[in-house]
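Enquirer: The following comprises the amino acid sequence and a computationally predicted model.
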Amino acid sequence: MSAMPTKAAMTVPLLDLKAQYADIRRDVDEAVKRVMESTRFIGGPEVSGLEEEVARYSQCAHGVGVASGTDALLLGLRALGVGPGDEVITSAYSFFASAGTIANNGATPVFVDIDPRTYNLDPHRLEAAFTPRTKAVVAVSLYGQCCDMTAIKAICDKRRVWLIEDAAQSIGSEWEGKRSGSTADFGCFSFFPSKNLGGAGDGGMVVTQDAERAERVRLLREHGAKPKYHHSIVGTNSRLDALQAAILRVKLKHLDRWSEGRARNAALYDQMFEGTKVGRPWKDPRARHIYNQYVIRIPDRDDLKQFLADRGIGTEVYYPVPLHLQKCFATLGYRDGDMPHSEAAARETLALPIYPELAEDQIRYVATTVREHKDQ
Ligand SMILES: Cc1ncc(COP(=O)(O)O)c(C=O)c1O
């Protein structure tokens with residue numbers, strides 16, 4: 001008789017949005033019904049309400065809802081006048097949009113390596129990347145931990161260039177008590193469903209302290225029209241719809257509870273990996289970490305990923321190819337070895353399930369299984 005494959009003791013998906021929905025179903029369903037009955041699908045009180053609430057939550061004066069986190073970056077950069085001939089500095093290790101939006105505005109991305117402990121842009125390497133063409137810096141606060149906004153902002157102020165925080169993964173995170181998005185010229189959020197504040201589809205928001213800059217993004221998201229049918233600039237259609245806004249307003253009320261749940265789960269993982277060879281995420285004492293991802297570091301990453309999948313555990317690699325080595329940026333002339341910390345992170349990191357509804361025995365199962373892999 002052939003050996004039966006071992007059955008997983010339990011399954012733990014990377015993310016379980018059904019568990020989240022079960023918890024808030026009544027309020028979400030009511031919000032959807034409210035919008036359907038109002039038939040205010042574009043703009044209106046749900047969108048302006050969410051804009052005010054997210055701005056307040058993020059210690060910002062203004063919020064402008066847009067169609068996605070990508071559009072928040074795209075229109076934010078455009079509102080700052082970034083275009084052909086400009087260079088924009090960003091992290092070599094992020095989701096593609098951090099750099100793709102620079103290129104889509106006709107500018108050139110310039111990459112800087114990360115701090116290997118936080119995976120965020122290393123401020124010590126930033127100044128060396130400046131040239132007379134540098135127009136802006138896009139600082140990415142990866143995995144839910146703010147980058148060193150104090151140091152990065154001081155450099156941008158000194159050099160007189162714009163600063164955008166790609167806060168797609170870090171809403172509610174803090175650096176020295178200041179909320180993610182609040183210290184840059186623009187903060188850009190994503191409401192992609194897997195984010196800590198995720199909608200039922202795409203969505204995003206630009207936050208800022210400056211009324212004029214907010215107005216510029218507002219104009220750009222509506223084809224540059226003000227008043228209607230009078231176009232002072234060429235914009236696009238990038239609106240956040242009212243259904244998304246209504247759902248996100250329900251979820252915003254739970255965001256701190258969820259982020260605290262994620263931090264609690266992270267603390268249990270940390271404890272279970274203590275004294276093992278598993279590289280744990282490093283939390284900077286100056287930051288509030290919201291753990292959009294819990295990312296471990298392991299030399300034999302791909303093998304571990306498969307080992308966990310075989311035992312019912314979902315994981316993901318964020319991200320397998322650093323931005324400077326993406327094929328579409330080959331003409332920029334970067335080579336393997338240029339950004340050693342980003343390249344090592346792309347080889348060795350793995351995100352484990354961290355969502356707030358995880359039960360303690362699920363976390364223990366994941367951590368124990370990781371430790372069993374080649375006796376970590
Ligand atoms: C760091 C980062 N920047 C930008 C984005 C783009 O956001 P969206 O998917 O909402 O367009 C994401 C989303 O995955 C992200 O993680």
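Expert: That came through, no problem. Residues are numbered from 1 along each chain as shown.

Enquirer: what does the stretch 1-150 of the chain have sitting close to the ligand?
Expert: When proximity is defined by C-beta under 6 Å from any ligand atom, the stretch 1-150 of the chain lies next to the ligand at 68, 69, 70, 94, 95, 97, 98, 140. (Each C-beta comes from the backbone N, C-alpha and C, glycine too.)

Enquirer: how does it look with 8 Å?
Expert: Applying C-beta under 8 Å from any ligand atom, one finds that the stretch 1-150 of the chain approaches the ligand through 68-73, 94-98, 101, 140-142.

Enquirer: Give the ChimeraX command for selecting the buried subset of those.
Expert: Buried subset of those, written as a ChimeraX selection, criterion 16 or more other C-beta atoms under 10 Å:
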select :68,69,70,71,72,73,94,95,97,98,101,140,141,142
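
Enquirer: Quick check: of the residues of the stretch 1-150 of the chain next to the ligand, which lies closest to residue 176?
Expert: Using C-beta to C-beta, residue 141 comes nearest to residue 176 of those, at 13.2 Å.

Enquirer: Was I right to think that closest one contacts residue 120?
Expert: Yes. Assessed by C-beta atoms under 8 Å, residue 141 is found in contact with residue 120 at 6.5 Å.

Enquirer: joint contacts of those two?
Expert: residue 147 (C-beta atoms under 8 Å, 6 or more residues apart in numbering).

Enquirer: Restricted to helices, list the residues of the stretch 1-150 of the chain next to the ligand.
Expert: Among those, the members falling in helices are 69, 70, 71, 72, 73, 97, 98, 101 (criterion: DSSP state H).

Enquirer: Dump those residues into CSV; add pLDDT as well.
Expert: As requested, these are exported to CSV (pLDDT from 0 to 100):
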residue, pLDDT
69, 98
70, 98
71, 98
72, 98
73, 98
97, 98
98, 98
101, 98
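
Enquirer: And the furthest pair within the residues of the stretch 1-150 of the chain next to the ligand?
Expert: Farthest-apart pair in those is 71 and 142; separation 19.7 Å (C-beta to C-beta).

Enquirer: ok, which residues in the stretch 151-300 of the chain are in contact with the ligand?
Expert: Contact residues, the stretch 151-300 of the chain versus the ligand (C-beta under 8 Å from any ligand atom): 166, 168-169, 188, 190-192, 194-195, 202-204, 292.

Enquirer: which among those residues end up buried?
Expert: For these, a neighbour count by 16+ other C-beta under 10 Å gives the buried set as 166, 168, 169, 188, 190, 191, 192, 195, 202, 203, 204, 292.

Enquirer: Is the fourth one in contact with residue 77, as I believe?
Expert: No. If you go by C-beta under 8 Å, residue 188 and residue 77 don't touch, sitting 9.2 Å apart.

Enquirer: list residues touching both of these two?
Expert: Common contact partners of residue 188 and residue 77 (C-beta under 8 Å, 6+ apart): residue 164.

Enquirer: Could you spell out the sheet neighbours of the longest strand seen in the chain, each with its direction?
Expert: Ranked by residue count and defined by DSSP state E, the top strand of the chain is strand 134-140. Strand 134-140 has these partner strands in its sheet, going by DSSP bridges: strand 87-91 (parallel), strand 162-166 (parallel).

Enquirer: To residue 348, which of the ones you listed lies closest?
Expert: Going by C-beta to C-beta, the one of those nearest residue 348 is strand 87-91, 17.0 Å.

Enquirer: Contacts for that closest one, please.
Expert: Under the criterion C-beta under 8 Å, 6+ apart, residues 77, 82, 98-99, 102, 107-112, 114, 120-121, 126, 129-131, 133-140, 142, 166, 323, 342 lie in contact with strand 87-91.

Enquirer: who touches the closest residue to residue 291 other than its chain neighbours in this structure?
Expert: Closest residue to residue 291 apart from its sequence neighbours, by C-beta to C-beta, 6 or more residues apart in numbering: residue 262 at 3.9 Å. Residue 262 sits next to 144, 196, 290, 291, 292, 294, 354, 355, 356 when contact means C-beta under 8 Å, 6+ apart.

Enquirer: What number of neighbouring residues does residue 154 come out with?
Expert: Taking other C-beta atoms under 10 Å as the criterion, the count of residues near residue 154 is 12.

Enquirer: That one sits in which helix or strand?
Expert: helix 149-159 (DSSP states H and E).

Enquirer: Average pLDDT for that helix, rounded please.
Expert: Helix 149-159 comes out with an average pLDDT of 98.

Enquirer: Which strands and helices lie in contact with it?
Expert: Packing contacts for helix 149-159, counted by 3 or more C-beta pairs under 8 Å, 6 or more residues apart in numbering; DSSP states H and E, involve helix 123-126, strand 134-140, strand 162-166.

Enquirer: Pull the residues that contact it.
Expert: 121, 123, 126-127, 130, 134, 137, 139, 162-163, 165, 175-176, 178, 183-184.

Enquirer: Convert the C-alpha atoms of that helix to CSV, please.
Expert: Output in CSV follows, covering the C-alpha atoms of helix 149-159 (Å, rounded to 0.1, in the frame of the first residue of the first chain):
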residue,chain,number,x,y,z
MET,A,149,10.3,60.3,8.3
THR,A,150,12.2,62.7,10.5
ALA,A,151,15.5,62.0,8.9
ILE,A,152,14.1,61.8,5.4
LYS,A,153,12.1,65.0,5.7
ALA,A,154,15.1,66.9,7.0
ILE,A,155,17.1,65.8,3.9
CYS,A,156,14.2,66.8,1.5
ASP,A,157,13.7,70.1,3.3
LYS,A,158,17.5,70.9,3.0
ARG,A,159,17.5,69.9,-0.6
